[in-house]
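**Q** Got a predicted structure plus its sequence, pasted below:
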Amino acid sequence: MFVAIRDLKFAKGRFFLMGSVVALVAFLVITLSGLSAGLVKANISGLMALPATHIAFEGTDHPGYRNTMIERYMWEGWAGQDGVRHAEPMGHTVFNARTEDNTPLEIALWGIMPDSMIEPAVSEGVGLGIDDDGVVITRDLLDDGVKVGDTIILDRVLTELKVVGILNESRNIGHLPVIYAPLRKWQEATYGPPGGPPPGEQLPDIVFDFVSIILLQLEDGVDIAALDSQNETLTVDRNGYFAASTGYKSEVQSVQMIQSLLFVISAVVIGAFFSIWTIQRTKEIGLIKALGASNAYVLKDALGQAILIIGVGTLVGLLCMFWFYQSVKDTELPFMLERATITTSIIMLLIAGIVGATMSIRRITKVDPIIALGRDQ
Amino acid sequence: MSLNVANVSLVFGNGGEQIKALDNVSIDLQPGQLMAVLGPSGAGKSSLLAVCGGLQTPTSGKIRVGETEITGMSGAALTCIRQQQIGFVFQQSNLLSSLTAVDQLLLLVNMRGKRVGQADRERAIKLLDEVGMSHRLNRRPSQLSGGERQRVGIARAFMMNPKILLVDEPTSMLDQHRGRQIVELLVRECHEHGVATLMVTHDHGILDNADRVVDISDGQLSERVQ
């Protein structure tokens, strides 16, 4: 990279500009990757935290959390089967609600068996099961002023939920905060009459025979299709139950399309830069060839320069992204900083940039050294 | 090492639109000889340089650099020949804008895949000193005058001990006084290093420095008797 290094030192302003554009593109790509990962997580962070290898829905064509109803015989039909380590019933209903001071909320109420594998660990307060009305909330609700000891009232059904514990993490489904309630409490709210049973009466047992889904931990080799057929369920794996969340699939596809476009744009932008740079240097390239440089020498020099600019630009973009993350990490902006996401973005960006630069630099091989004589024959 | 051009023609175009840039030219140039090729624009001077330097393949005829026939060689082989045997001095010096005077010469070492060492640096400085540029070693072309750039170009041409030197109108961008200085420098270097030198020019004022003078017109050569 004899000429390349000296070029960089000589034309600092020009290469600073090129490097800045690369850095900007890198910042955009990596930050958007983090934002998109955050967005996806905001949709399904509650599902991502579930310790289930599979989820069984009511046996329909398309699994979905809003329109699935599982009867007792179905979840009992799964439990105890060979290869089925756990089969836990779980309820899911979306409610409008309000706090005691009338702050409106929209929440996803999850009914689970206290002390089951589904129950998350709280960082503040106590878990489920101690108080029949006690619920555990995601920490996102702290932003709405909810705290331990508060009561949340579900609209329409007027069921009262007492906040007894708070999670340390954000748990969402369909961008709604999750509240974990004892299964019976969930069943009362979902299937019972508004305001609860009349005084002196109890809810009929049948109310407690229904849930929404079954959380499963299955060993390899379980005949899922047979068990589905036997229990009238539709079982999906982890990716499947993520995809069942409303809007998840379209969000992921939109985000993936944006990311793909960004990679293409970065290749084009970087390619355009180096194309123009190569055109500007055509005479010098012809001269170097006339003096006895091979195509390989010239290509190696030019490509080395391109890789250096792309590498440094990407590094600067990455550092800018870290700065951006520090400034938004305590805000509501959904941003997820994950090593895998960033590493993948950087690798894709480097590949896109090098492909773009290579496509434009290869014209170097076509430069005729005769132009060093000042004639183009 | 001698330069031998035997019955070389260079024709562009085909059918009825042919242009004969060189028409059956022959040259036999011995080591240490400087031959000036004089002709107006469009006479074929650059074409002659181009075929002798392996930058253009002649339509017919043979060109020999020492014992090696270069007509018909592949591009990669010609690149090798230019690297090892041929030096160029261009019309406008043609220096790389980002390299200092010393680096212009050291580039030729690097091109050969060699690591630039102290010995190479010393040789480059010595050559630049020979052409009167020892006080401008770390200047880039934009910081040099036209004459100074041409001097660096001449030093560069001799860096890899070429056997053949091809010079393209070295005085065209210079005033008369500086032009004479450059040509005298070329003659001195050519004789000192025993290099067969072909210099194309349209400047009559420098002919008395040449060992041989040929006129070129419409691609045909005719040698003057000196």
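**A** In hand now; what should we look at? In this text the structure is predicted, and so the values were computed from the model without any measurement. Residues are numbered from 1 along each chain as shown, chains lettered A, B, ... in the order given.
**Q** alpha carbons only for contacts and neighbour counts from here, please
**A** Will do.
**Q** Please enumerate the helices of the chain.
**A** You didn't pick a chain, so chain A it is. A:2-10, A:12-48, A:72-78, A:183-191, A:224-231, A:238-243, A:248-280, A:282-290, A:295-328, A:339-361 (DSSP state H).
**Q** Chain B, not that one
**A** Using DSSP H, helices in chain B cover B:45-52, B:75-84, B:101-111, B:118-130, B:146-158, B:176-193.
**Q** Please spell out which residues along the last one are buried.
**A** So that's helix B:176-193. B:178-180, B:182-183, B:185-187, B:189-191 (16 or more other CA atoms under 10 Å in any protein chain shown).
**Q** will you turn those into CSV that also has distance to A:Gln280 and pLDDT?
**A** Putting the buried residues of helix B:176-193 into CSV (distance: CA to CA, whole Å; pLDDT from 0 to 100) gives the following:
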residue, distance to A:Gln280, pLDDT
B:Arg178, 31, 77
B:Gly179, 30, 79
B:Arg180, 33, 81
B:Ile182, 30, 80
B:Val183, 32, 83
B:Leu185, 33, 83
B:Leu186, 31, 83
B:Val187, 35, 86
B:Glu189, 34, 83
B:Cys190, 34, 86
B:His191, 38, 87
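**Q** In TSV, list the residues you listed along with distance to A:Phe10.
**A** Output for these, formatted as TSV (distance: CA to CA, whole Å):
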residue	distance to A:Phe10
B:Arg178	29
B:Gly179	30
B:Arg180	33
B:Ile182	28
B:Val183	31
B:Leu185	30
B:Leu186	30
B:Val187	34
B:Glu189	31
B:Cys190	33
B:His191	36
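**Q** Name the nearest residue to whatever residue of chain B ends up closest to chain A, ignoring sequence neighbours.
**A** Chain B approaches chain A most closely through B:Gln83 (4.2 Å), counting by CA to the nearest CA. Nearest residue to B:Gln83, sequence neighbours excluded (CA to CA, 6 or more residues apart in numbering or on different chains): A:Gly292, at 4.2 Å.
**Q** isn't the one you found right next to B:Met111, touching?
**A** Yes: shown here, A:Gly292 and B:Met111 form a contact pair, counting by CA atoms under 8 Å, at 7.2 Å.
**Q** higher neighbour count, the two?
**A** Neighbour count, other CA atoms under 10 Å in any protein chain shown: between A:Gly292 and B:Met111, A:Gly292 has more, with 24 against 20.
**Q** and that one, what does it touch?
**A** B:79-84, B:108, B:111 (CA atoms under 8 Å, 6 or more residues apart in numbering or on different chains).
**Q** possible to save those as JSON lines with pLDDT?
**A** Output for the contacts of A:Gly292, formatted as JSON lines (pLDDT from 0 to 100):
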{"residue": "B:Thr79", "pLDDT": "87"}
{"residue": "B:Cys80", "pLDDT": "87"}
{"residue": "B:Ile81", "pLDDT": "88"}
{"residue": "B:Arg82", "pLDDT": "88"}
{"residue": "B:Gln83", "pLDDT": "86"}
{"residue": "B:Gln84", "pLDDT": "86"}
{"residue": "B:Leu108", "pLDDT": "93"}
{"residue": "B:Met111", "pLDDT": "90"}
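**Q** quick one: which of these is nearest to A:Asp132?
**A** Top of the list for closeness to A:Asp132, among the contacts of A:Gly292 and by CA to CA, is B:Met111 at 82.5 Å.
**Q** Thought A:Ala293 was touching the closest one, still the case?
**A** Yes: counting by CA under 8 Å, B:Met111 touches A:Ala293, with 5.6 Å between them.
**Q** Name the residue of the stretch 101-250 of chain A that lies nearest to chain B.
**A** A:Ser250 (51.8 Å).
**Q** no wait, the stretch 251-377 of chain A
**A** A:Gly292 (4.2 Å).
**Q** Which of the contacts of A:Gly292 sits closest to A:Gly19?
**A** For the contacts of A:Gly292, the nearest to A:Gly19 is B:Met111 (26.9 Å; CA to CA).
**Q** Could you count how many residues lie near the residue of the stretch 101-250 of chain A closest to chain B?
**A** By other CA under 10 Å, neighbour count at A:Ser250 equals 11.
**Q** Check A:His62 too.
**A** 11.
**Q** can I see the domain layout of the chain?
**A** Reading this off chain A. Following automatic domain parsing, one gets these domains for chain A: A:2-45+A:249-370, A:60-231.
**Q** Please refer instead to chain B.
**A** Using automatic domain parsing, chain B is parsed into the domains B:1-85+B:164-172+B:193-226, B:93-161.
**Q** Going by mean pLDDT, which of these comes out lowest?
**A** Here the lowest mean pLDDT among the domains of chain B goes to domain B:1-85+B:164-172+B:193-226, at a mean of 86.
**Q** what is the rounded mean pLDDT of stretch A:205-213?
**A** Here the average pLDDT along stretch A:205-213 is 91.
**Q** List the buried residues in it.
**A** A:208, A:210-213.
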